[in-house]
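A.B. asks: take a look and give me a structure for this.
(2 chains)
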Amino acid sequence: MKALRKLFDNIKPLVEEGGKFHAFRSFVDGFETFAFVPNQTSRQGCVNIHDAIDSKRIMSFVVISLLPALFFGMYNVGYQNYAAAGTLADSTFWDLFIFGFLAVLPKILVSYIVGLGIEFVVAQWKNEEIQEGFLVSGILIPMIIPVNTPLWALALAVAFSVIIAKEIFGGTGMNIFNPALITRAFLFFSYPSVMTGDDNVWVAQESIFGFGNNLPDTFSAATPLGEASVGNAIPCETICNAITGLIPGSIGETSVIAIALGALLLLFTGVASWKTMLSVFVGGGLMGWLLEGVGGNQLEWWHHFVLGGFAFGAVFMATDPVTSARTECGKYFYGFLIGVVAVMVRVLNPGYPEGMMLAILLMNLFAPLIDYFVVQRNITMRAKRAIKK
Amino acid sequence: MSKLFSEANKAAFSNPLNLDNPVTVQVLGICSALAVTSQLEPAIVMGLSVTVITAFSNVIISLLRKTIPNRIRIIVQLVVVAALVTIVSQMLKAFAYDVSVQLSVYVGLIITNCILMGRLEAFAMQNAPWPSFLDGIGNGLGYAIILVIVGFVRELFGFGTLFGINIIPQSWYVSNGGWYMDNGMMVMPAMSLIIVGCVIWAHRSINKEAK
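C.D. replies: The predicted structure is shown next:
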């Protein structure tokens, strides 16, 4: 740690105003405040409320809570490849994990390099500090896309979402929509052939450095949700697999158990709101139960929780403090409506087997309206109370 | 001659091309800019049609401006525009049938284009025919420029073509063993809204000092 501190102290004069490498100021500053809590004190004479945990530390908690799902996702990528090739019995745990790791790593790198690159350029250009919001988005993005997404398309989508969904609105904390979901939405609508359907999308096809297997072109694997949307029944063992996470799907969202571990950490540290999380499940369950009663749907109400991105979206996406409703009472409505809309899209729209992304983006849009109503109600109530006296 | 191209007349023509652009500054005519710009050819035809109609309806209204009773002026303006739109629509059907099929209802809907009514109300009702004509041409071309920019981007990235001719090499495509795919979102109207937004962004940052 001391050596690192010394390194930063040595570099710092070079990037100050007038220094040799001034163009890299935001870059160095970003990494310094990531490694060390900044030691600047506020100016004298003004009142400030200060918390020891700044937003970089909050983001770190979210990243840590994402790790179980990420590591399990890597393992599952390997598992799906070996299972499809029929060589599961001859392989060890590390074969599967290393193959998955090698398949997922380029996506994480592309996501961070492109996203942070744009953030650094913008910070330098506007002469601001680097904003830390992309720390979480950068790890979320690779987890919500299929493993076969082309890297150039991913880079394009990340650039689009960082510029159009985030920097235009003023950067971290000002965005209306969740940047990770905008990335996915861009890929989903721009390149539907690599994002949905059941031909070659969900299972890694080619071996990497001798790990994994080359699969034939004709191979196809449907996700359980894809099956359900065309009216096929879901076998019981698929549901069990969906809970442990051994099903084809986007990289990080298959395992409910791994996501639950992350959720526990988020709730324990108080980073995510339990109100939003709970009400997403209540809304989804209620809507699933209603639609199950109406019929025309092969899923039982609780199946929605374990299939697709429902759990992942509820835990990591809906609770995003920037884009969700900010009033405590509003969080119940916000989460509830996400659950309702997600299940509605899944069941009632045969074109889209998965509705979580669209539901969260839609409610991102309505979150300020919900807040407005909550605040207005409070104002009316207090006004009435004042008049009564 | 010098009177024909006085400073005021020049400004009537050139302002709408840049500093007072009907789409990027006044934000008028957005609806058709979204609807017809998925390819370059209909975008150009639409831009030219609007230019012709704006110019001539401006001239006609300007000639009539002293005789039109103030209370029914909107109806008179609408009749003039509707007549011109019908003429243009018939011309397109006769000489450019394919494009007129592609444009479908949007030629007819030029009548509801806010740029037209805006220019008639704001300019032609107060000015002589010649400046009104220049103003109409300027506004129509200002609208056309934006349509062409948006159409260019959308056709190039959405279909890989320009004027229907392949620009992006066929060997790049996934179906031919390459890596490239056309961007499906460019074909959707939603994306043209984002492109228009980007054009406005660029336009404003270029003209920051001029304001």
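
A.B. asks: ok, A:Gly100 touching A:Met74?
C.D. replies: Yes. Using C-beta atoms under 8 Å, A:Gly100 is in contact with A:Met74, at 3.6 Å. From N, CA and C alone the C-beta is placed, and that goes for glycine too.

A.B. asks: which of the two has more residues huddled nearby?
C.D. replies: More neighbours surround A:Gly100 than the other of A:Gly100 and A:Met74, with 28 against 23 (other C-beta atoms under 10 Å in any protein chain shown).

A.B. asks: how close does that one sit to chain B?
C.D. replies: The gap separating A:Gly100 from chain B is 23 Å, by C-beta to the nearest C-beta, to the nearest Å.

A.B. asks: which SSE is that residue in?
C.D. replies: Using DSSP states H and E, A:Gly100 maps to helix A:93-126.

A.B. asks: got a list of contacts for the helix or strand just after that helix?
C.D. replies: The first helix or strand that comes after helix A:93-126 along the chain, using DSSP H and E, is helix A:134-143. Helix A:134-143 is contacted from outside by A:34, A:56, A:59-60, A:62-63, A:66, A:69-70, A:73, A:104, A:107-108, A:111-112, A:115-116, A:119, A:154, A:158, A:161-162, A:172, A:178-180, A:183-184, A:250-253, A:312, A:316-317, using C-beta atoms under 8 Å, 6 or more residues apart in numbering or on different chains.

A.B. asks: do the same with stretch B:151-160
C.D. replies: The contact list for stretch B:151-160, computed with C-beta under 8 Å, 6+ apart, reads B:36-40, B:42-44, B:161-162, B:166-168, B:173, B:180, B:182-184, B:186-187, B:191-192, B:195.

A.B. asks: who in chain A is up against chain B?
C.D. replies: Counting by C-beta under 8 Å from any C-beta of the partner chain, the residues of chain A lying close to chain B are A:Pro150, A:Trp152, A:Ala153, A:Ile164, A:Ile168, A:Phe186, A:Phe189, A:Ser190, A:Tyr191, A:Pro192, A:Ser193, A:Val194.

A.B. asks: now do 7 Å
C.D. replies: Contacts of chain A with chain B, taken as C-beta under 7 Å from any C-beta of the partner chain, map to A:Pro150, A:Trp152, A:Ile164, A:Phe186, A:Phe189, A:Ser190, A:Tyr191, A:Pro192.

A.B. asks: hang on, isn't the third one packed against B:Gly197?
C.D. replies: No. In this structure, A:Ile164 is not within contact of B:Gly197 by C-beta atoms under 7 Å, at 8.3 Å.

A.B. asks: between those two, who's got more neighbours?
C.D. replies: A side-by-side neighbour count of A:Ile164 and B:Gly197, using other C-beta under 10 Å, places A:Ile164 first with 17 against 13.

A.B. asks: ok, now which ones touch the more buried one?
C.D. replies: A:Ile164 makes contact with B:Ile194, according to C-beta atoms under 7 Å, 6 or more residues apart in numbering or on different chains.

A.B. asks: helix/strand/coil for it?
C.D. replies: The three-state assignment at A:Ile164 reads helix, by DSSP: H, G, I helix; E, B strand; the rest coil.

A.B. asks: now, which of the contacts of stretch B:151-160 lie close to chain A?
C.D. replies: B:Asn183, B:Gly184.

A.B. asks: could you pick out which of the contacts of stretch B:151-160 are located in strands?
C.D. replies: Among those, DSSP state E puts B:Thr161, B:Leu162, B:Asn166 in strands.

A.B. asks: got a quick ChimeraX command for the buried subset of these?
C.D. replies: Buried members of the ones in strands among the contacts of stretch B:151-160, defined by 16 or more other C-beta atoms under 10 Å in any protein chain shown, are picked up in ChimeraX with:
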select /B:162
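
A.B. asks: for PyMOL, write the selection for the buried entries among the residues of chain A next to chain B.
C.D. replies: Per 16+ other C-beta under 10 Å, the buried members of the residues of chain A next to chain B correspond to this PyMOL selection:
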select buried, chain A and resi 164+186+189+190+191
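
A.B. asks: closest to A:Gly283 out of the residues of chain A next to chain B?
C.D. replies: Set against A:Gly283, the nearest of the residues of chain A next to chain B by C-beta to C-beta is A:Phe189 (24.9 Å).

A.B. asks: which parts of chain B sit against chain A?
C.D. replies: Taking C-beta under 7 Å from any C-beta as the criterion, chain B approaches chain A at residues B:Trp179, B:Met181, B:Asn183, B:Gly184, B:Met185, B:Met188, B:Ile194.

A.B. asks: state the mean pLDDT of the lengthiest helix in chain B.
C.D. replies: Selection of the longest helix in chain B by residue count, based on DSSP state H, yields helix B:129-158. What helix B:129-158 shows for mean pLDDT is 90.

A.B. asks: okay, buried residues for it please.
C.D. replies: Those buried within helix B:129-158 under the rule 16+ other C-beta under 10 Å are B:129, B:131-158.

A.B. asks: how far does that helix sit from the chain's center?
C.D. replies: Chain-centre distance of helix B:129-158: 4 Å, with C-alpha atoms, centre = their mean, to the nearest Å.

A.B. asks: swap in stretch A:161-171?
C.D. replies: Relative to where its chain is centred, stretch A:161-171 has its mean C-alpha point 17 Å off (C-alpha atoms, centre = their mean).

A.B. asks: alpha carbons of it, in CSV - could you do that?
C.D. replies: Extracted as CSV, the C-alpha positions of stretch A:161-171 are listed here (Å, rounded to 0.1, in the frame of the first residue of the first chain):
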residue,chain,number,x,y,z
SER,A,161,-25.3,4.0,-23.7
VAL,A,162,-22.5,5.9,-22.0
ILE,A,163,-22.8,8.9,-24.3
ILE,A,164,-26.6,9.0,-25.0
ALA,A,165,-28.0,7.6,-21.8
LYS,A,166,-25.5,9.1,-19.3
GLU,A,167,-23.1,11.8,-20.3
ILE,A,168,-25.8,13.8,-22.2
PHE,A,169,-27.8,14.0,-19.0
GLY,A,170,-24.8,15.1,-17.0
GLY,A,171,-23.0,12.0,-16.0
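
A.B. asks: what residues of it count as buried?
C.D. replies: By neighbour count with 16+ other C-beta under 10 Å, stretch A:161-171 contains the buried residues A:Ser161, A:Val162, A:Ile164, A:Ala165, A:Lys166, A:Glu167, A:Gly171.
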